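Asker: Make a model of this:
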Amino acid sequence: MGKSKSIRNAAIAAVIAGPLTAAMATNGYFSHGYGMKAKGMGGVGIALPQDAMAAATNPAGMVDVGSRIDFGVDLFMPDRTVTYTSAYQGVAAGDYRSGQRSFLVPDFAYNRMIGSDMAAGVVVYGNGGMNTNYGTNLITSSGSNTYTNLEQLFIAPTISKKVGDNSFGLSLNMIRQTFEAKGLEAFDNTNNSRYVGSVTNKGEDVSTGFGLKFGWSGQVSPTVTLGAVYQTRSKMSKFDKYKGLLAEEGGFDIPENFGFGIAIKATPKTTVAADLSRINYGSINSLANPGTVFPAVSGTPMGPANGSGFGWRDMTVFKIGVSHEYSKNLTVRAGYNYAQMPITSQNTYFNILAPATVEQHLTLGATWTLDNKSELTMSYMHAFNKTIDGVANGNGQTVPGYPVNLSMKQNAIGVAYGWKF
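Answerer: Numbers count the residues shown, from 1 in each chain. Below you'll find the model as predicted:
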């Protein structure tokens, strides 16, 4: 493929991918993995680059995958349920299931070798997000239907360099995120918010910003590769339309995260890899500030730096996967991903908007090498149902907590096409 044609295809695919980015939630609101090959192995990839989507996990891996283009799409299917164990604020006891349970989540990557020891490319992907749409008001007995939608799109130009047995990489993360909330009229008053009129039903708001991702990988023996990655906190412009809902007057930076990985060539045809990562949700006030009691009671109305939030904790993510070359043209994969949910039982009420409860994920995947040396990859992910029970005190005032339980389970089926040039 000629250089001009490769660049043209890259630009077209990036334009297509951008507007289709949809909301997801697996490891908190981050995806469990990036690229279909990694997704089929539980999301591992810090020490095991497999395609041009490698930069989304560890930018150092781009110099090891060669010149190629990859385009994929996930059909992500979260199933979210809120259970009121007793009536509260006019909402009757019972189960309330969120609608809109299917999302298309595309990704795209382009990588070109510069000589034999350097590569430059770009990845376009949805980092994560959250969506709920309950079809009724779950905060009080009146008002519009409770609805939230958070989406994050990353465009990351990347450069990587090989020095001996070590690879180094750097990505510039250019980020666009959108947010919308409806049905929170009960919060839009002076008792509960510092900025009345900027809480709910303001339409979609846009925030932009950037950050950096640094990566390293090194082959420490003929069969063992190690890797490490660090992503800075991404400073984002504020969601001004929702400065009365989110702490720090609409602040919603993307948290710092880092991780370490290992890949072991167990046999000539079998590779086992594992990643251990940390996502510092607890450093973002709008996520981490507690929402343990109704703002009017707690004395921390929504909006300022100490305003009520979702009470999310930092998250440690463990991923392990295996890849086996079954035949010359077929590679199969499997993986497991675990992270304790960021939500606590005292914060279930606010997390009606963001019920990120899943913890355990099982994945499967396969790649077929086609006659023209291009690749067709498929992945499947199942996140097991997980429920967190809220503190059921009946009124949210005597002790922290609410009579609200949250549950979620997920499935995702993805397909990707990659070709080398």
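
Asker: which regions of the stretch 1-150 of the chain sit below the pLDDT cut-off?
Answerer: For the stretch 1-150 of the chain, the stretches flagged by pLDDT under 70 are 1-24.

Asker: List the strands paired with the strand or helix carrying residue 153, with their directions.
Answerer: In this assignment (DSSP states H and E), residue 153 forms part of strand 147-163. Sheet neighbours of strand 147-163, with direction, are listed as strand 118-133 (antiparallel), strand 166-182 (antiparallel) (DSSP bridges).

Asker: Could you check it and say which residues are buried?
Answerer: In terms of neighbour count (16 or more other C-beta atoms under 10 Å), strand 147-163 has its buried residues at 147-162. Any C-beta I mention is one placed from the backbone N, CA and C, and that applies to glycine too.

Asker: and what of stretch 177-193?
Answerer: Residues 177-188, 192-193 are the ones in stretch 177-193 that count as buried (16+ other C-beta under 10 Å).

Asker: Please apply the same query to stretch 369-376.
Answerer: Of the residues in stretch 369-376, those buried by neighbour count under the rule 16+ other C-beta under 10 Å are residue 375.

Asker: And stretch 250-260, by the same measure?
Answerer: Of the residues in stretch 250-260, those buried (16+ other C-beta under 10 Å) are 250-259.

Asker: How about stretch 214-234?
Answerer: 214-219, 225-229, 231-234.

Asker: Give me the distance between that stretch and the centre of its chain.
Answerer: Stretch 214-234 sits 20 Å away from the centroid of its parent chain (C-alpha atoms, centre = their mean, to the nearest Å).

Asker: cool, stretch 267-285 as well?
Answerer: On the basis of C-alpha atoms, centre = their mean, stretch 267-285 is displaced by 13 Å from the centre of the chain it belongs to.

Asker: Now that stretch: average pLDDT?
Answerer: For stretch 267-285, mean pLDDT rounds to 98.

Asker: Take it, keep the C-alpha atoms, and write them as PDB.
Answerer: Output in PDB follows, covering the C-alpha atoms of stretch 267-285 (Å, rounded to 0.1, in the frame of the first residue of the first chain):
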ATOM      1  CA  THR A 267       6.000 -22.600  24.500                       C
ATOM      2  CA  PRO A 268       6.800 -21.600  20.900                       C
ATOM      3  CA  LYS A 269       3.100 -21.300  20.200                       C
ATOM      4  CA  THR A 270       1.700 -20.200  23.600                       C
ATOM      5  CA  THR A 271       2.100 -16.900  25.400                       C
ATOM      6  CA  VAL A 272       0.800 -16.100  28.900                       C
ATOM      7  CA  ALA A 273       0.600 -12.400  29.900                       C
ATOM      8  CA  ALA A 274      -0.500 -10.500  33.000                       C
ATOM      9  CA  ASP A 275      -1.000  -6.800  33.800                       C
ATOM     10  CA  LEU A 276      -1.400  -5.000  37.200                       C
ATOM     11  CA  SER A 277      -2.800  -1.400  36.900                       C
ATOM     12  CA  ARG A 278      -3.900   1.400  39.200                       C
ATOM     13  CA  ILE A 279      -6.500   4.000  38.300                       C
ATOM     14  CA  ASN A 280      -6.600   6.900  40.700                       C
ATOM     15  CA  TYR A 281     -10.300   7.800  40.700                       C
ATOM     16  CA  GLY A 282      -9.900   9.000  44.300                       C
ATOM     17  CA  SER A 283      -7.900  12.100  43.100                       C
ATOM     18  CA  ILE A 284     -10.900  13.500  41.100                       C
ATOM     19  CA  ASN A 285     -13.200  15.400  43.400                       C
END
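
Asker: Could you dump the buried residues of stretch 250-260 into CSV with distance to residue 67 and secondary structure added?
Answerer: As requested, the buried residues of stretch 250-260 are exported to CSV (distance: C-beta to C-beta, whole Å; DSSP: H, G, I helix; E, B strand; the rest coil):
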residue, distance to residue 67, secondary structure
250, 42, helix
251, 40, coil
252, 37, coil
253, 35, coil
254, 30, strand
255, 33, coil
256, 32, coil
257, 29, strand
258, 29, strand
259, 27, strand
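
Asker: could you dump these to JSON lines with pLDDT and distance to residue 276?
Answerer: Rendered in JSON lines, the data for those read as follows (pLDDT from 0 to 100; distance: C-beta to C-beta, whole Å):
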{"residue": "250", "pLDDT": "97", "distance to residue 276": "33"}
{"residue": "251", "pLDDT": "97", "distance to residue 276": "29"}
{"residue": "252", "pLDDT": "97", "distance to residue 276": "26"}
{"residue": "253", "pLDDT": "97", "distance to residue 276": "23"}
{"residue": "254", "pLDDT": "97", "distance to residue 276": "20"}
{"residue": "255", "pLDDT": "97", "distance to residue 276": "17"}
{"residue": "256", "pLDDT": "98", "distance to residue 276": "16"}
{"residue": "257", "pLDDT": "98", "distance to residue 276": "12"}
{"residue": "258", "pLDDT": "98", "distance to residue 276": "10"}
{"residue": "259", "pLDDT": "98", "distance to residue 276": "6"}
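
Asker: Can you lay out those as JSON lines showing distance to residue 197?
Answerer: Supplementary listing: the buried residues of stretch 250-260 in JSON lines, determined by distance: C-beta to C-beta, whole Å:
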{"residue": "250", "distance to residue 197": "13"}
{"residue": "251", "distance to residue 197": "18"}
{"residue": "252", "distance to residue 197": "19"}
{"residue": "253", "distance to residue 197": "24"}
{"residue": "254", "distance to residue 197": "27"}
{"residue": "255", "distance to residue 197": "29"}
{"residue": "256", "distance to residue 197": "33"}
{"residue": "257", "distance to residue 197": "34"}
{"residue": "258", "distance to residue 197": "39"}
{"residue": "259", "distance to residue 197": "41"}
